[in-house]
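A.B. asks: model this:
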Amino acid sequence: ELQESISLAVLSGDMGLFVARAEAERLVTTGISLGMQIDLSCSATGRVLLSGWSEERLAAYFDRIKPEPRTRHSVVKIAALREVVKNAQMLGYATTDQELEIGLRSMAVPVIDERGNIVAAMSASGGLPLGHNSLSGRIMPCVSGWNTRSSHRCHPGTNCGKFVNALRVERTIGRANSEL
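C.D. replies: Just a heads-up that it's a prediction; the model follows:
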């Protein structure tokens, strides 16, 4: 529908883990692949995941990270990152403009479970021709609409809910196995 690359990411410690991906047909790809992890502070997806955290958890996270710039556009000052996450909390979405790589713009929205918790973030990414007007005018209604249509909400009986529950079970099994 969008003709842009779409990703779904979940938390994995202090990283975002891409668990689903649909790449738009292009000569140039976004460099994101299934199973890839990314710092939460440098991506729209990560910032949306951070936006669901309590003030205490955010403070602890910002105290322990040392953001490194990926491009000249990267936000690396902790005060500025706090503001970006605060904006994501208020707006219900986050964007990045050439912060991961030159020429790449992204927008992410939260995937919310039946209790109102952010369980994942869905993002759309594209090259520079994808302007800010396109982000807000074309991508935002489609991506955010995915989460607000009742058939796509992340309830236990939906595919999203089953996917998230399967992921939780897999993580629990993985933690149990690592403790043996």
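A.B. asks: Where does pLDDT dip in the chain?
C.D. replies: Within the chain, the set of residues satisfying pLDDT under 70 comprises 1-4, 21, 23-33, 128-180.
A.B. asks: how about a cut-off of 50?
C.D. replies: Low-confidence segments of the chain, defined by pLDDT under 50, span residues 2, 27-28, 130-132, 146, 148-155, 157-180.
A.B. asks: hang on, isn't residue 75 packed against residue 84?
C.D. replies: Yes: with contacts counted by CB atoms under 8 Å, residue 75 reaches residue 84, the gap being 5.9 Å. Any C-beta I mention is one placed from the backbone N, CA and C, and that applies to glycine too.
A.B. asks: okay, the two: which has more neighbours?
C.D. replies: When residue 75 and residue 84 are compared for neighbours, residue 84 comes out ahead with 20 against 17, by other CB atoms under 10 Å.
A.B. asks: Then the more buried one would be within a helix, right?
C.D. replies: Yes: using DSSP: H, G, I helix; E, B strand; the rest coil, the secondary structure at residue 84 is a helix.
A.B. asks: For it, list the residues it contacts.
C.D. replies: Listed by CB atoms under 8 Å, 6 or more residues apart in numbering, the contact set of residue 84 reads 47, 75, 94.
A.B. asks: What values do phi and psi take at the closest residue to the first one other than its chain neighbours?
C.D. replies: Read it as residue 47. Spatial nearest neighbour of residue 47, excluding adjacent residues (CB to CB, 6 or more residues apart in numbering): residue 94 at 3.9 Å. In terms of degrees, to the nearest 10, the main-chain angles of residue 94 are phi -140, psi 150.
A.B. asks: do the same with residue 79
C.D. replies: For residue 79, the backbone dihedrals are phi -60, psi -40 (criterion: degrees, to the nearest 10).
A.B. asks: Strands along this structure, start to end?
C.D. replies: For the chain, the strands defined by DSSP state E cover 5-12, 15-22, 37-39, 94-97, 104-112, 118-127.
A.B. asks: Near the nearest residue to residue 111 once chain neighbours are set aside, how many other residues are there?
C.D. replies: Nearest residue to residue 111, sequence neighbours excluded (CB to CB, 6+ apart): residue 120, at 3.9 Å. Using other CB under 10 Å, residue 120 has 28 other residues around it.
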